[in-house]
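Student: when you get a sec, could you give me coordinates for this:
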Amino acid sequence: MEIRKFNKDEINIFSGSASLELSKKIVEYLGVELSENKIQKFADGEIFTKSLESIRGSKAFVIQSTSGDVNENIMELLIFIDVLKRSSAKEIIAVIPYFGYARQDRTADPRDPITSKLIANLLSAAGATRIVTMELHRKQVQGFFDIPLDHVEALPILADYFEKKGFSQDENTVVVAPDIGSVKRARELAKWLEIPLAIIEKRKNENGDHDVENIIGDVRGKKVIIIDDMINTAKTIEMAADALMENGATEIYCCATHAIFSDSAVERLKKSPIKEIIVTDTIELSEDKKFDKLTILSTDEIFGEVLRRIVTGKAVSNLFKK
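Tutor: The predicted structure follows:
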C-alpha cells in the first residue's frame with residue numbers, strides 16, 4: 001500500500017511519556033517525525049507540559065496510554081490536550097492505546113462510581129475533539145463520549161499471528177473464552193481462524209474468588225488458544241490454563257491485547273502450563289516484565305493506518321474485517 005506523506009502544516013503528532021516507543025513506530029509508518037513537546041514533573045508531583053512547535057490550525061494528535069501510573073498519565077494527557085486547545089489546534093485527537101478505568105463502567109453495587117464516564121467527560125472538557133482507543137473492556141463505554149470515538153480492534157493482529165503459526169482451519173485447535181464475558185471476543189477469533197470455540201464457566205465461591213465449574217466444548221487432545229482483552233493479575237488465565245490441562249488439552253497458548261501485568265502476574269505466567277503468551281504493545285513493558293514465553297506484537301501499523309484515514313477522511317471500520 002502506498003502511504004501518502006504528510007507535512008506539519010496538516011498534522012502534528014505528539015507523544016506522551018507513557019507511549020514514546022509506540023509513537024515512534026507510528027510516525028515511522030506514516031513517514032513523518034514526532035512533533036516536539038516538553039514534559040516536566042516537579043518535586044511535589046505537579047506536571048508541566050507544552051508544545052515546542054506552532055500548531056495553529058493543525059490536526060494535532062497526542063498518543064498516550066493510561067497504564068503504569070494510571071492517574072499521573074491521565075493527568076499528563078489532560079494537561080497536554082489543554083495545551084493544544086490553547087495553542088489553537090484545529091482538531092485535537094487523543095490516541096489512547098490502553099484506556100484506563102474502562103472496567104469501572106457501571107454501578108454493580110449501590111454507590112459505585114462510573115469512573116469511565118468521568119474520564120470521558122474530562123477528555124471532552126479539556127478540549128479533545130476525537131478519541132482513538134484500542135480494545136475497550138466493554139464496547140458500551142463508547143456511549144460515554146459526546147465526541148467521535150474510533151474503537152480499534154487487535155483481532156487482525158492476533159489472528160494473523162496464529163494464521164502464520166498454522167492454526168487456521170486446524171481441527172485440532174480450539175479457541176477458549178476464559179469466562180462468559182470473553183465469549184464474543186473468542187467467537188470472533190474462532191470465526192476468523194475457522195476453528196471451534198470452547199467456554200470456561202466460572203462460579204464465585206464463598207470466599208469471593210472464582211472456581212471453574214464447567215468447560216463447554218471439547219478440548220481433550222487439542223491445542224487451545226485462550227483469548228482475553230487484558231491480563232492484569234493473571235489469576236483468571238492461570239486458573240483457565242490449569243483447568244484446560246486437567247481436561248486433556250495438549251498445548252496452551254494465551255493472547256490478550258493489554259499486558260497490564262499487575263501484582264504477581266509475571267511469576268504466575270512463568271509457572272503456568274501456558275506454552276506462549278502473546279500480547280500487543282499498547283502498554284510499554286519494563287524489562288523486568290518481559291520473559292521467555294512472552295511475544296509482543298506491535299500495533300503501530302494499525303494505529304498508523306487509522307490516523308492516516310482520519311486525516312484523509314476515509315473509512316476505518318473495514319480495517320478490522322477479514
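Student: return the helix or strand in the chain with minimum mean pLDDT.
Tutor: Sorted by mean pLDDT, DSSP states H and E, the helices and strands of the chain end with strand 210-216, the least confident at a mean of 80.
Student: the very next helix or strand once past that strand: how far from the chain's middle?
Tutor: Once strand 210-216 ends, the next helix or strand along the chain (criterion: DSSP states H and E) is strand 223-231. Computed by Cα atoms, centre = their mean, to the nearest Å, the separation of strand 223-231 from the middle of its chain amounts to 14 Å.
Student: what's strand 223-231 packed up against?
Tutor: Packing contacts for strand 223-231, counted by 3 or more Cβ pairs under 8 Å, 6 or more residues apart in numbering; DSSP states H and E, involve strand 173-177, helix 183-193, helix 235-246, strand 251-259. All C-beta spots, glycine's among them, are computed from the backbone N, C-alpha and C.
Student: CSV for the ones you listed, including mean neighbour count, mean pLDDT and distance to residue 51?
Tutor: Converted to CSV, the helices and strands packed on strand 223-231 look like this (neighbours: other Cβ atoms under 10 Å; pLDDT from 0 to 100; distance: least, Cβ to Cβ, whole Å):
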stretch, mean neighbour count, mean pLDDT, distance to residue 51
strand 173-177, 26, 97, 44
helix 183-193, 18, 95, 37
helix 235-246, 20, 93, 41
strand 251-259, 25, 97, 28
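Student: need the ones you listed in TSV (columns: distance to residue 81).
Tutor: As requested, the helices and strands packed on strand 223-231 are exported to TSV (distance: least, Cβ to Cβ, whole Å):
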stretch	distance to residue 81
strand 173-177	36
helix 183-193	30
helix 235-246	34
strand 251-259	22
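Student: looking at these, spot the one closest to residue 60.
Tutor: With Cβ to Cβ as the measure, strand 251-259 is the member of the helices and strands packed on strand 223-231 nearest residue 60 (25.2 Å).
Student: the inter-axis angle of the closest one versus helix 183-193?
Tutor: 120 degrees (axes from the mean of the first three to the mean of the last three Cα atoms, to 10 degrees).
Student: what strands line up against strand 251-259, and which way round?
Tutor: Strand 251-259 has its sheet partners listed here by DSSP bridges as strand 223-231 (parallel), strand 276-280 (parallel).
Student: let me know the average pLDDT across the helix or strand that that strand is followed by.
Tutor: Downstream of strand 251-259, the first helix or strand assigned by DSSP H and E is helix 265-271. Here helix 265-271 scores 96 as its mean pLDDT.
Student: what residues sit buried inside the helix or strand hosting residue 311?
Tutor: According to DSSP H and E, residue 311 maps onto helix 300-312. By neighbour count on 16 or more other Cβ atoms under 10 Å, the buried set for helix 300-312 is 300, 302, 303, 304, 305, 306, 307, 308, 309, 310, 311.
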